[in-house]
Structures are given as structure tokens and as C-alpha cells.
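**Q** need a structure here:
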Amino acid sequence: MCLLHQVTKKIQMRIKHIGILLLAVFGLCGCSSRHSHLDSTIKSLTVPEKTLLAITNGASFEAITNTLGIAARIEFTVAETNGNYTLISCYFADGDNALWLVFHDKALMKIIEPFSFPELLETYPYQGTTATRIKSWDIDDPGINDRVKKVIDAPALTHEEIAAELRPYTNATPQSSWSIIPAFLLSGILAKEAPQIEKDYAINESLLERYDGCSANIGMDTNEVEKLYGKPLRGFATKSGETVRIYGYGETRELQVNPQLVFRGLAIVSDARGQVTAIYSNGFFNDEWKK
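**A** Below you'll find the predicted structure:
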């Protein structure tokens, strides 16, 4: 699992809390249509294991993203001297695990295992002890180039290795998210959060559809970008004179969505001529860019 989504115990516990909370509150609501709708929403954010197993190198970016829908999470698209590279993350097993798909000039080059970037971590005091968090970084930080290169140079997984990764989940019996209700949560107190959680997942799905980084391309001009995404949440210039447009959720309240499936934001970087040179999102998006 990518480091940018697995930084601290606190984040992991939050994921579990949200999962348990969802199980409890919607089980208590007793609304089958709501269960079905939210089940469908959550499933749309992940990829069936059998679908991932059927993907082969050389397949087109368009064909794969059309198959995966909003479950194809853009991490970056950048221009290198030998062509353009795109990294997509695909979560499976209800969002607990992921694989990375690396494209070169719109064709799948390889599937790789997500890995961590230790240089992004820092420790800080937390409740009498220490915790770990991701450092903030500038969009023109040369470290981004290093991380992109690390992805491009990462070893490909063989079909057998991918099958082994997916095997524990491939033949699992499908189960509704609401089929198990922890007895200790049956007090009904948490049921008050159910409507907000449902709304937040709907908002998250809408954000992923509206600001789908897979739709942007290197070389687009400013008019094409704004036609695609509208006016940005904010914009700023880098030290090197590039223009950055930030799109995403602008509220201070965090969405009550599994942090690994939540939409974090989209950054479109353009040069002095207004042409797109890089696209960053998800784990390659710095939350500080929205401020």
C-alpha cells in the first residue's frame, strides 16, 4: 500500500472506524434502498480483482480507464524526454489494497507494487508521544521528479505475481457492506451520522467524476483545461514561472469517507505558454496546495 495513504496508526484506525461506523449506522437505519445505493457507490471506487487480473501490458490508456471508471485514480501524468508517463492507482479488496499501473505514451507499460517514499516523512509530538506525518512540499520541488523516476524505474510485476497478490480476494464471496452489525454499536447513537456519511460519499463520487485527472493531457492549453474542469479552486505561480490550477473540495470540514478512497485534489501545471506540463492528484497531491 502506498506510503501516502498509510502514514500513521491514526490514519489506519480512522479507516477502520469509518468502516465499522458505516456497518453500524446503516444497519440501524433499516433502509434497504440506501444500503444498496451506498454499496454501489463504494464498489465503484474500487476495482474487482478479476478485472485487474484481466489487464495486460500494451492495452490502451483509454480502454483501461473506460473499464475502470472512477476507480482509476490518477497519481500523475508528466512529460519526460522519451515520452509521457502516467501513473494510476487502483484499489481493490474494499480499498484495503492497491496496485499501480504505469503508462508510457498512453499504453500500459507495466503493473507495479505500490511502495513508500521515506523522504516525505517527519515525526512530531502527539499526545505525549510522537507520530508520523507527510511533509509538505512545493509543486516544483525536485523531489517530485525523483519520485516519478522511482515509479518509472520500478520492477514490473509478472502475471503470476499479480495473480498471487489478488488470489486471497478473487474467489471471496461477495458480501454487502451492511450484513454484519457489531453488537456493541447497536445503541443507535452513531446512527445520527448515517445521513452525513451517505452525503459525503455522494460528494466524493461527484468530485472524482468532475475532476477526473485521467481526462487531462500533456499539451492542453488553458482554454481546454477550463472547459474541462471550470474555474479552479485557486491558482498560483511556481518559482520557475509555471502556473498551477488547483481543483477539488474547498470546504474545511473533512469528508467522512475512507481516506484511501477520498478525492484529495487535482493540480494542473502549465508553462508560460499556457500548455499543460504535468498533472498531479491523489498521493502525488499535497493538501497544502488547496490553501
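**Q** Is it correct that residue 94 is in contact with residue 45?
**A** No. The criterion here is CB atoms under 8 Å, and residue 94 misses it with residue 45 at 9.3 Å. (Each C-beta comes from the backbone N, C-alpha and C, glycine too.)
**Q** Looking at these two, which has the bigger crowd around it?
**A** Between residue 94 and residue 45, residue 45 has the larger neighbour count (other CB atoms under 10 Å), namely 23 against 18.
**Q** Roughly how far does the more buried one sit from residue 157?
**A** Counting by CB to CB, to the nearest Å, the gap from residue 45 to residue 157 is 22 Å.
**Q** now the strands for the stretch 1-150 of the chain?
**A** Taking DSSP state E, counting those that start in this stretch as the criterion, the stretch 1-150 of the chain carries its strands at 72-80, 83-92, 97-104, 107-112, 121-126, 129-134.
**Q** For residue 227, which of the ones you listed is the nearest?
**A** Of all the strands of the stretch 1-150 of the chain, strand 72-80 sits nearest to residue 227, with 18.0 Å by CB to CB.
**Q** Next, the buried residues of the closest one.
**A** The neighbour-count check on strand 72-80 (16 or more other CB atoms under 10 Å) flags 72, 73, 74, 75, 76, 77, 78 as buried.
**Q** now do stretch 90-100
**A** Buried, per 16+ other CB under 10 Å, within stretch 90-100: 90, 91, 92, 93, 94, 95, 97, 98, 99, 100.
**Q** which residues of this structure fall in helices?
**A** Per DSSP state H, the chain carries helices over the ranges 9-29, 32-44, 49-54, 61-68, 142-153, 159-170, 194-210, 222-229.
**Q** of the ones you listed, which approaches residue 287 most closely?
**A** Nearest of the helices of the chain to residue 287, taken as CB to CB: helix 9-29 at 12.9 Å.
**Q** Look at the residue nearest to residue 45 when sequence neighbours are not counted and say how many residues are nearby.
**A** Closest residue to residue 45 apart from its sequence neighbours, by CB to CB, 6 or more residues apart in numbering: residue 261 at 4.5 Å. When counting by other CB under 10 Å, one arrives at 25 neighbours for residue 261.
**Q** Give me the pLDDT for residue 261.
**A** For residue 261, the model assigns a pLDDT of 92.
**Q** mind listing what the residue lying closest to residue 268 once chain neighbours are set aside touches?
**A** Leaving aside its sequence neighbours, residue 268 sits nearest to residue 245 (CB to CB, 6+ apart; 4.6 Å). Contact analysis of residue 245 by CB atoms under 8 Å, 6 or more residues apart in numbering lists 225, 229, 232, 235, 267, 268, 270.
**Q** Residue 77 too?
**A** 84, 85, 86, 87, 213, 216, 217, 218, 278, 279.
**Q** gap between the third one and residue 144?
**A** The one in question is residue 86. Distance from residue 86 to residue 144, counting by CB to CB: 15 Å.
**Q** Looking at the two, which is more packed in?
**A** Ranked by neighbour count (other CB under 10 Å), residue 86 and residue 144 place residue 86 first, with 24 against 18.
**Q** Do I have it right that that one meets residue 103?
**A** Yes. The pair residue 86 and residue 103 passes the contact test of CB under 8 Å, sitting 4.2 Å apart.
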